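> task: produce atomic coordinates for the following.
(chains A and B)
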Amino acid sequence: MRNRNATAYRFLTPYLLIFAVFWVWPIISSFLISFQATRTVPWRFAPAFNWGRLIGDPAFFNALKNTLLILVIQVPVMITLAMVMAVLLNSPLLKARGLFRFAFFAPVVVGEVAYSAVFRLMFNLNFGIINKLLNSVGLPSVDWFSNVTPAMALIMIAVTWRWAGYNAIILLAGMQSIPEDVYEAATLDRVSKLKQFFFITLPLLKPVVVFCLVLSIIGTMQLFTEPFLITERGGPGGGTETLGLLLYRQGFRSLNFGYASAVAYTMAGLAIAITLVQLWLTREKQ
Amino acid sequence: MATVTLNNVVKRFGAFEVVHGANIDVKDGEFVVFVGPSGCGKSTLLRMIAGLEDISGGEIAIGGKVVNDVEPADRGIAMVFQSYALYPHMTVEQNLSFGLRMTGNPKADTERRVKRAAGILRISELMDRRPRKLSGGQRQRVAIGRAIVREPQVFLFDEPLSNLDAELRVQMRIEIARLHKELGVTMIYVTHDQTEAMTLADRIVVLNAGNIEQIGAPLDLYDDPANRFVAGFVGSPKMNFMAAKVVATEKDVAVVELLNHSGARLRKSLSGAPPAVGADVVLGVRPEHFGEAGEGDCDIPVRADVAEHLGSVSYVYANAGPEELIIEREASRQRASGDHLVVSIKAGRSLLFDTSGARIR
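Take a look at the predicted model:
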C-alpha cells in the first residue's frame, strides 16, 4: 500500500510543485509582505507599519463602509430575487424553460468590460435609457455617476443583474433535488402552495441558500470590477470605493505592496469571519 | 369509510394510452390490491384515485360521489408513498401533525389524532426523532401514521414495502393487515409482489399493460385464473407452461400431446367444447401439483438441473427438451442435480390455454 501511495505522489509531484510555487507561496509571501514597509529600499520588517496604518486610515474605513453597505443591502436583495427566479423557472407551467435558464445565466458569461460599458450607456445622464424611462413616467433624471447614493445604487443594481441568475440556477438545482412526492404528500395534506414553499421548500433548501450566501459574501468582499469600470475607480470621490479597489489602488497604483497585502488579508479575514457567523446562525439545530 | 368505483377509466400521457378503460368496484371496508408487473399502470391508477394524476377518460367515484374534478385534499383519501415521502426536516411528531397544523385544525384534536396514530403504530417513543434517524420500518410506520391522522375514508398504499428488506417486509405486511382489521376502512394497495397481494387482499386486481386481466379473491385467482398471464403471475414459484397439441377430441374432452415430453398424452376434461384437433395449446401445471410417477394421469421423465432445498420443501429445476420445469418436492425426497426422475401430471390439477393465452375451460 505504501508503495502505491508513493507512486501516486510521484504522479502528483508536477502538480504539487506548481501548486506550491504559484498558490501556497504567494499566500505566505503576501502575508509576510504585509509586515514589511515596502516603500523604502530595501524593504524592512516593520510589523506595525501597515497594520497600524490600517486602523487609522479614513480611506480604508470608507472602503470598508462601502463594501459592507453593498454586502448588507445587495446580497439579501439578490438572493431573494434569485429565489423568485428559481421558483418561476421551476414552475411546470413555464414554457421554453431552457431558453429562460440560459437568459438568466447569460450575464455571468458576458465580458465584464462589455457589460460595464453597456451599463454606463444605459445609466447615462443625457441619453441613457434608464433616465428616459424615468422621464417617461414623470420622474426627473438621476445623475447616477456624480452623486454617491445613486452611484452606490447603480453598483448594487449592476452586481445584482450579473449574479442573480447565477444564484437562481444554483437554487433551482437545489429545488429540483427535493423529491416530488414530498409535495404530493403535502398536497394531500391540504397544504397550500405558498405554505409548501415556506414550510417545505425553504427549510429543505437552506444548505443551498447558505452556499449562495457564502459565495455572494466572498464575492462582494472582493468586489472590484463594477466600481472600477462603471463608476470610474470608485467615484464620485471615493463614494463607491470598495476594499478591492483600495487594494488595487495601493498595490498597483502606489506600488505599496505591504499595505495592499494588509488590506487583502483584512478582506479575507472579514469574509471568513462573516461566513463563520452566518454558518453558525444557520446551523442545523438538532 | 367509502366505496371506490372506477368506471371505464382511461389514462393517456400525450398520445400514449397507459390505462385502457379500467372498471373496478371497491366495496366499503374492502382491502383491494392492484398487482402487476412494472409499467402495467397500477400506480397510475392509484394516483388517479388520489387525484395526483388527471383522468383522461371515464369516472372515478369515492363514496358514491364523482371526484374527477375534486382536489386531492378533498377526496377523503390518504396515501402512503413508496419512498415514504416524509418531511426530512421535521420530527416524527411534526410529520404526523403537519397537515393538520397547516389547515388550522384545533390543537387539542390534532394532539389526540397524533397520539392515537402513534399508539396504533407503536411509534410514541420516536416522536422527537427526524426521519433520517429512523430505520426503514420505522419510517414506513410514520408514513402510515401520517395517513391515519387524516382519518380518511380510503387509504391508498403505493408499493409501501418495496424499500424494506425481506424480513421487515413480512413484519410490516402483518402490521398492515392488522391495521385494516383495526380501522376497518377501505384500503387500496399497489404492489408488484404477488405474495403481498395474496396475503393481504380481500380481492386482487391483476393488471397487465394497462388492462385489467382479472379481479377476484386471492385463492380464486390461484385456482381459477382467467388466462395464462394471471396463471403465471399468481403463485410462487410460478406455474409451468408446456407446449402441447390437441391430438384427439371427444365430447367435453381434449386429448393433448406434450410436444417436449416424449409424446406424453393427457386426457383433459373440459366444461365447454374442446378445441379442434391439431390446435396448438399450452398446458399449465403448478410446481406443487406434480405427482410421483404413476400417481397422475400422465408421466413425464425429466432431468434435474438444480435443486433448491428450503427445508420443508425442495424446488427442482428440471430440463425437459427446451422447457424448464419447476417441480416442488417434499424435503425428504430431495434430488441432486443431474438425477433423472419421472413426475406425473394430474389432469384435474392442470390448466389448458390457447396460444393467445386465453383459458380453455
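> CA only for contacts and neighbour counts going forward, please
OK.
> those helices in chain B, which residues are they?
For chain B, the helices defined by DSSP state H cover B:42-50, B:92-102, B:107-121, B:136-149, B:166-183, B:194-200, B:218-223, B:228-233.
> whoops, the stretch 101-250 of chain A was the one
A:112-122, A:129-136, A:148-176, A:180-188, A:193-196, A:202-221, A:225-229, A:243-248 (DSSP state H, counting those that start in this stretch).
> closest one to A:Pro236 among those?
Closest to A:Pro236 of the helices of the stretch 101-250 of chain A, according to Cα to Cα: helix A:148-176, at 6.2 Å.
> how about residue 262: what's its closest non-neighbour residue?
Picked chain A for this. For A:Ala262, ignoring the flanking residues on the chain, the nearest one in space by Cα to Cα, 6 or more residues apart in numbering or on different chains is A:Ser34 at 4.8 Å.
> wrong chain, I was asking about chain B
Distances taken as Cα to Cα, 6+ apart put B:Ile300 closest to B:Ser262, at 7.6 Å, once the chain neighbours are dropped.
> that older thread, wouldn't the residue nearest to A:Ala262 be in contact with A:Gly258 here?
Yes - the pair A:Ser34 / A:Gly258 is scored as a contact, 4.3 Å apart, by Cα atoms under 8 Å.
> show me the shaky parts of the chain.
Answering for chain A, as no chain was given. Chain A contains residues with pLDDT under 70 at A:1, A:285-286.
> that answer is for a different chain, and I need it for chain B
B:1, B:331-337.
> any residues of it in contact with chain A? List them.
Selection of chain B residues close to chain A by Cα under 8 Å from any Cα of the partner chain yields B:52, B:72-74, B:77-79, B:81, B:83, B:85-89, B:98-100, B:102-103, B:150.
> could you list every residue that touches B:Ile60?
B:4-7, B:9, B:49, B:66-68 (Cα atoms under 8 Å, 6 or more residues apart in numbering or on different chains).
> distance check, B:Ala177 against chain A.
23 Å (Cα to the nearest Cα, to the nearest Å).
> so in terms of bridging, what pairs with the residue nearest to B:Ser262?
Residues in a beta bridge with B:Ile300, per DSSP bridges, are B:Val343.
> so how far is B:Lys115 from the residue of the stretch 201-350 of chain B found nearest chain A?
Relative to chain A, the nearest point of the stretch 201-350 of chain B is B:Gly210 (22.7 Å; Cα to the nearest Cα). Separation of B:Gly210 from B:Lys115 (Cα to Cα, to the nearest Å): 40 Å.
> one more: A:Ile170?
40 Å.
> also B:Ile60?
Distance from B:Ile60 to B:Lys115, by Cα to Cα: 33 Å.
> equivalent analysis for B:Gly338, please.
60 Å.
> of the two, who's got more company?
B:Lys115 (21 against 14; other Cα atoms under 10 Å in any protein chain shown).
> for that one, which non-adjacent residue is spatially closest?
B:Ser124 (7.5 Å).
> what about that neighbour, how many neighbours?
When neighbours are counted by other Cα under 10 Å, B:Ser124 comes out with 16.
> isn't it right up against B:Val114?
No - contact criterion Cα under 8 Å: B:Ser124 and B:Val114 do not qualify, at 9.3 Å.
> list residues touching both of these two?
Contacts common to B:Ser124 and B:Val114, judged by Cα under 8 Å, 6+ apart, are absent.
> contact residues of the stretch 151-286 of chain A facing chain B?
Residues of the stretch 151-286 of chain A lying near chain B (Cα under 8 Å from any Cα): A:179, A:181-182, A:184-191, A:195, A:200, A:203-204.
> nice, that's everything, thank you.
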